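Asks: Got a predicted structure plus its sequence, pasted below:
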Amino acid sequence: MFKLSKVNIALISALVFVSYFAYNCWQDERLAVMRANKAEAKYEKYIQDNNEVKKIESNIIEAIKNGYAKTDALRNDVDNGLVELRVKVESVERDSTASSNIANKALRLAKSAQQDYYNLTNAIEYNKVMIDGWQKYYCKEIAPKNGTEFMCD
């Protein structure tokens, strides 16, 4: 039969050990690559989700800014119309003694409408202050945490 010498046994043992070690290293490498791929996929998903959040936040802030401009233009138009109405009513009141009662009622109505307008303006200003406060809070507290400081410029 075939006799194994000590050297042959040592070589076979070394070969078995090296094979076992190489197999374990190969398995560990496969596991590490799989984990790295999973982590990379999660990171890519996070980046995509974060970009979507940034787009939504940017759209909200843009809508608020557009609302300010439209509100200011509307406020100016209403204010100019009310002033013009008051001037015309006062002119009619002065020019016509017969229609002074109607003119007085119209003047009171114009004054009341103007007061309502100023109340609306104050409410709009209050809302603007609230939104400005929210934006300052957002830019100070939230934006640094989610990387959206660019929207605070």
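Replies: It's in. Numbering: from 1, shown residues only.

Asks: How far off centre is stretch 58-76?
Replies: Counting by C-alpha atoms, centre = their mean, to the nearest Å, stretch 58-76 is centred 15 Å from the centre of its parent chain.

Asks: Find me the pLDDT at Arg40, would you?
Replies: In this structure residue 40 is Glu, not Arg. Glu40 carries a pLDDT value of 90.

Asks: Who are the packing partners of the one helix or strand it maps to?
Replies: For Glu40, the element it lies in under DSSP states H and E is helix 6-95. On a contact count with 3 or more C-beta pairs under 8 Å, 6 or more residues apart in numbering; DSSP states H and E, helix 6-95 meets helix 100-137, helix 143-146. No exception for glycine: its C-beta is placed from N, CA and C like everyone else's.

Asks: roughly how far apart are the most centrally placed residue in the chain and Asn51?
Replies: The centre of the chain sits closest to Glu57, judged by C-alpha atoms, centre = their mean, with a distance of 1.6 Å. Distance of Glu57 to Asn51, given as C-beta to C-beta, to the nearest Å: 11 Å.

Asks: now swap in Asp79 and tell me
Replies: 42 Å.

Asks: out of the two, which sits in the more crowded spot?
Replies: Asp79 (14 against 10; other C-beta atoms under 10 Å).

Asks: quick one: low-confidence ranges for this structure?
Replies: Across the chain, the ranges flagged by pLDDT under 70 are 1-3, 93-100.

Asks: Show me how it divides into domains.
Replies: Per the record, the chain has its domains at 1-82, 105-152, by the TED database.

Asks: now, of those, which is deepest in the fold?
Replies: domain 105-152 (a mean of 13; mean count of other C-beta atoms under 10 Å).
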